[in-house]
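In: The following comprises the amino acid sequence and a computationally predicted model.
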Amino acid sequence: MIEFQSLMKAIHKGVKDAAKSVEGETLDFVKRFFDEQDNGKGKAPSYSPKTCAMEFPSRTEHGIDTVSAEVPLLALVPISSPRISEVKFIAELEISNNDQEQLMVAFARSNAKPGGLRKKLMGQQDTTESTANASLEITLTGNEPPEGLQKLIEGYERALRAQIPG
């Protein structure tokens, strides 16, 4: 058995670690599409978008001509922003108090009787006995991700549209 508070801390830590992992993916994403520029001593670095030159046809008074545009790679790829929106933890528990009046929990054991699974699959009455005296459901909901990255992408898309004739 463990303290109920320790169980809650372990669940919370697991969710936080998963969120940090998702955060790391976002930072890797930025590094894939931007080059870091050194701004000198003591200044924060700046980032410039990785680009490629693309040629677009343009109708002029002399016929069809081509116009070159610097296209940010960020504007060419589908963007998905992973995030953890909700985590559900459901458990059947045995709950008791210890000598110090701390709430203690253990995961309930199930004492399946012979043929129990087969009977359950056949739609017959369940012969499983559980030692649980409580059911716990915890739902943790995440915050919306910041809109900064989407606004950045929209800005580059507007700049790209301004470069393309027509």
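Out: That came through fine.

In: ok, which stretches of the protein are strands?
Out: Taking DSSP state E as the criterion, the chain contains strands spanning 2-3, 34-37, 46-49, 51-60, 63-72, 86-97, 103-107, 110-111, 129-130, 134-141.

In: I'd like to know which of those strands is closest to residue 156.
Out: strand 63-72 (4.5 Å; C-beta to C-beta). (Each C-beta comes from the backbone N, C-alpha and C, glycine too.)

In: Residue 141 bridge partners, please.
Out: Counting by DSSP bridges, residue 141 forms beta bridges with residue 86.

In: need the contact list for the closest residue to residue 159 other than its chain neighbours.
Out: Closest residue to residue 159 apart from its sequence neighbours, by C-beta to C-beta, 6 or more residues apart in numbering: residue 72 at 7.7 Å. Counting by C-beta atoms under 8 Å, 6 or more residues apart in numbering, residue 72 touches 33, 49, 50, 51, 156, 159, 160.

In: What about residue 19, how many residues nearby?
Out: Residue neighbour count, defined by other C-beta atoms under 10 Å, stands at 16 for residue 19.

In: tell me the domain ranges of this protein?
Out: The chain is divided into the following domains under automatic domain parsing: 9-83+146-166, 86-141.

In: Out of the contacts of residue 72, grab the one that's most surrounded.
Out: residue 33 (20 neighbours).

In: So for the residue lying farthest from the centre of the chain, what's the pLDDT?
Out: Going by C-alpha atoms, centre = their mean, the residue of the chain most distant from its centre is residue 62, 52.3 Å out. The model reports residue 62 with a pLDDT of 87.

In: Quick check: the gap between it and residue 46.
Out: 40 Å (C-beta to C-beta, to the nearest Å).

In: and if you look at residue 74?
Out: Residue 74 is 16 Å from residue 46, where distance means C-beta to C-beta.

In: Neighbour count for those two, which is higher?
Out: More crowded of residue 74 and residue 46, by other C-beta under 10 Å: residue 74, with 21 against 11.

In: lowest-pLDDT helix or strand in this structure?
Out: Lowest by mean pLDDT, DSSP states H and E among the helices and strands of the chain is helix 116-121, with a mean of 59.

In: So which residue is dead centre in this protein?
Out: Central residue of the chain (C-alpha atoms, centre = their mean): residue 83, at 2.3 Å.

In: quick revisit: tell me which entries of the contacts of residue 72 lie within helices.
Out: 33, 156, 159, 160 (DSSP state H).

In: And the last one, what's its pLDDT?
Out: Put plainly, it is residue 160. So residue 160 comes in at 82 (pLDDT).
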